[in-house]
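>>> Here is my input; please provide its structure:
(one chain, ligands or ions: 2)
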Amino acid sequence: MSTAQTAGTGTARTAAPVTVRVPAKVNVQLAVGGLRPDGFHDLANVFLAVGLYDEITATATAPGEGPRVTCSGPDTDQVPLDRTNLAVRAADALAARYGLVPDVHLHIGKEIPVAGGMAGGSADAAGALLACDALWGTGASREELLEICAELGSDVPFSLVGGAALGRGRGELLTPLEVGGVFHWVFAVAEGGLSTPAVYRECDRLREVRGGGAGADAVPAPEASPALLAALRAGDAAALAGHLANDLQPAAVSLLPSLDDTLAVGTQAGALAALVSGSGPTCAFLAEDAATASDIAFALRASGVCRTAHTATSPAPGATVVRPAG
Ligand SMILES: C[C@](O)(CO)[C@H](O)COP(=O)(O)OP(=O)(O)OC[C@H]1O[C@@H](n2ccc(N)nc2=O)[C@H](O)[C@@H]1O
Ligand SMILES: Nc1ncnc2c1ncn2[C@@H]1O[C@H](COP(=O)(O)OP(=O)(O)OP(=O)(O)O)[C@@H](O)[C@H]1O
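Ligands and ions are numbered 1, 2, ... in the order given. Next up is the predicted model:
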């Protein structure tokens with residue numbers, strides 16, 4: 001047992017470490033509208049949580065020590081271990097709201113690719129928020145947690161709620177969606193990452209070039225596809241395959257043209273459909289069943305077009321406390 005000191009009240013409590021598991025996401029539809037004055041784009045963002053997880057463990061440290069973060073997993077060297085880490089920013093934000101000193105060690109067990117378009121940093125932020133809330137006994141409401149999530153990043157609210165949801169605004173305003181079955185996926189992880197702002201900038205640049213300089217006014221308001229939402233509701237993989245769409249895909253491919261080869265290999269190996277996940281460079285392949293997903297992952301690994309490939313199913317639950325068991 002360790003001791004947490006809350007600066008706001010000056011009282012010491014004993015608290016066991018808290019571990020939270022948080023899923024990755026794939027955007028089954030990402031409709032990108034025009035550039036807003038605040039630098040974000042209006043979206044119709046259909047999020048689906050997938051069963052690839054980061055685990056965030058929050059442990060109380062000595063009073064006055066401040067936050068500390070460590071990370072384990074294949075991409076550890078690309079994760080910042082200072083106050084810019086999104087998990088630390090989440091702990092800082094919760095502590096600031098409740099007048100506490102964030103004396104906490106956050107350990108990230110990382111499975112989600114870094115800068116891969118699967119909301120890995122966002123997952124860590126949502127996980128750290130929930131873990132610190134439990135560790136410190138702050139008892140923040142769901143609404144308060146969602147508000148802090150939205151301040152931390154556009155994808156962070158979805159990492160907290162999981163399942164499937166339509167994200168409006170810059171992606172932070174969520175409406176839960178019904179999912180009628182299990183979907184089987186393969187994710188091809190690229191060597192290196194892509195910067196999300198750079199991919200949005202490239203999307204704007206391509207639109208300018210292809211629209212003959214017509215600008216943001218020519219971009220239609222983003223709308224979720226009713227046929228795609230119906231396919232999700234029905235749990236119908238073949239129908240969903242026909243409606244997967246990502247407006248950021250041309251930009252990601254423009255920045256990393258080898259993604260076309262990755263998409264082709266997975267498609268030839270039997271995927272129902274292939275697309276870039278969010279801002280990329282991870283490529284997502286929808287498969288008919290678990291056996292086909294394994295075959296596609298094997299073909300992708302053997303081809304050398306990606307660093308590795310994972311299979312996973314969706315939907316997956318949002319951020320969940322796994323230790324201490326509830
Ligand atoms: C590509 C997606 O992953 C799809 O879910 C998200 O839209 C990105 O969400 P995120 O990584 O949480 O992004 P944020 O941390 O909120 O924003 C990072 C940067 O991405 C760009 N950005 C992000 C969201 C949005 N709706 N429009 C944007 O243009 C902006 O340049 C912003 O400064
Ligand atoms: N806990 C964290 N895990 C990973 N990256 C982090 C974390 N905190 C900060 N970062 C920084 O954020 C950048 C983006 O990482 P992240 O894994 O969130 O990208 P992403 O999955 O493409 O994001 P999204 O899909 O939400 O656009 C990294 O390059 C890294 O510098």
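>>> how is this structure carved up into domains?
Domain assignment of the chain by automatic domain parsing yields the ranges 2-177+317-323, 183-314.
>>> Okay, now the unreliable bits of this structure?
For the chain, the stretches with pLDDT under 70 are 1-14, 213-217.
>>> need the residues of the chain near ligand 2, please.
Where the chain comes near ligand 2, counting by CB under 6 Å from any ligand atom, the residues are 78-80, 85-87, 108, 114-122, 124, 155, 193, 196, 278-279. C-beta here means a position set from N, CA and C on the backbone, and glycine is covered the same way.
>>> what about 5 Å?
By the rule CB under 5 Å from any ligand atom, the part of the chain lying against ligand 2 is 79, 85-87, 114-122, 124, 155, 196, 278-279.
>>> out of those residues, who's near ligand 1?
Okay, of those touching ligand 1 (CB under 5 Å from any ligand atom), that's 155, 196, 278-279.
>>> Dump the domains of the chain into TSV; add mean neighbour count as well.
Formatted as TSV, the domains of the chain follow (neighbours: other CB atoms under 10 Å):
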stretch	mean neighbour count
domain 2-177+317-323	21
domain 183-314	19
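>>> for stretch 24-44, the distance to its chain's centre please.
How far stretch 24-44 lies from its chain's middle: 14 Å, per CA atoms, centre = their mean, to the nearest Å.
>>> wait, I meant stretch 191-201
Averaging C-alpha positions (CA atoms, centre = their mean) puts stretch 191-201 14 Å from its chain's average.
>>> Please name the residues that touch Leu129.
The contact partners of Leu129, by CB atoms under 8 Å, 6 or more residues apart in numbering, come to 90-91, 93-94, 145, 148-149, 152, 160, 319.
>>> Quick check: chain neighbours aside, which residue is closest to it?
Leaving aside its sequence neighbours, Leu129 sits nearest to Ala90 (CB to CB, 6 or more residues apart in numbering; 4.3 Å).
>>> From the centroid of this structure, which residue is nearest?
Nearest residue to the geometric centre of the chain (CA atoms, centre = their mean): Ala119, 2.1 Å.
>>> separation between that one and Asp155?
When CB to CB, to the nearest Å is applied, the distance between Ala119 and Asp155 equals 4 Å.
>>> so what's in contact with those two at the same time?
Contacts common to Ala119 and Asp155, judged by CB under 8 Å, 6+ apart, are 25, 278.
>>> how far does whichever strand or helix holds Asp204 sit from the chain's center?
Assigned by DSSP states H and E, Asp204 belongs to helix 196-210. Mean-position distance between helix 196-210 and its chain equals 21 Å (CA atoms, centre = their mean).
>>> Now do it: which elements does it pack against?
In this structure, helix 196-210 packs against strand 18-35, helix 249-255, with contacts taken as 3 or more CB pairs under 8 Å, 6 or more residues apart in numbering; DSSP states H and E.
>>> how about these in a markdown table, adding distance to ligand 1?
Conversion of the helices and strands packed on helix 196-210 to a markdown table gives the following (distance: least, CB to the nearest ligand atom, whole Å):
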| stretch | distance to ligand 1 |
| --- | --- |
| strand 18-35 | 5 |
| helix 249-255 | 10 |
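>>> I'd like these written out as a markdown table, with distance to Gly326 added.
Shown next, in a markdown table, are the helices and strands packed on helix 196-210 (distance: least, CB to CB, whole Å):
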| stretch | distance to Gly326 |
| --- | --- |
| strand 18-35 | 11 |
| helix 249-255 | 39 |
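>>> Tell me how far the residue nearest to Ile56 when sequence neighbours are not counted lies from Ala227.
Nearest residue to Ile56, sequence neighbours excluded (CB to CB, 6+ apart): Gly127, at 3.5 Å. Using CB to CB, one obtains 34 Å as the distance from Gly127 to Ala227.
>>> cool, Asp204 as well?
Distance of Asp204 to Ala227, given as CB to CB: 27 Å.
>>> still on that earlier bit, adding secondary structure, write the ones next to ligand 1 among the residues of the chain next to ligand 2 out as JSON lines.
Listed next are these as JSON lines, based on DSSP: H, G, I helix; E, B strand; the rest coil:
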{"residue": "Asp155", "secondary structure": "coil"}
{"residue": "Thr196", "secondary structure": "helix"}
{"residue": "Gly278", "secondary structure": "coil"}
{"residue": "Ser279", "secondary structure": "coil"}
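>>> Span of stretch 53-69 from start to end?
Stretch 53-69 has an end-to-end distance of 18 Å (criterion: CA to CA, to the nearest Å).
>>> Excluding residues flanking it in the chain, which one is nearest the residue of the chain found nearest ligand 2?
Residue of the chain nearest ligand 2, by CB to the nearest ligand atom: Gly121 (2.5 Å). In this structure, Gly121 finds its nearest non-sequential neighbour in Leu86, 4.2 Å apart by CB to CB, 6+ apart.
>>> quick one, phi/psi of the one you found?
Per-residue torsions, Leu86: phi -60, psi -30 (degrees, to the nearest 10).
>>> isn't it right up against Ala125?
Yes - Leu86 is within contact range of Ala125, at 4.1 Å (criterion: CB atoms under 8 Å).
>>> Direction included, what does the longest strand along the chain pair against?
Longest strand of the chain, by residue count under DSSP state E: strand 41-60. If you go by DSSP bridges, strand 41-60 pairs up with strand 18-35 (antiparallel), strand 104-109 (antiparallel), strand 164-168 (antiparallel).
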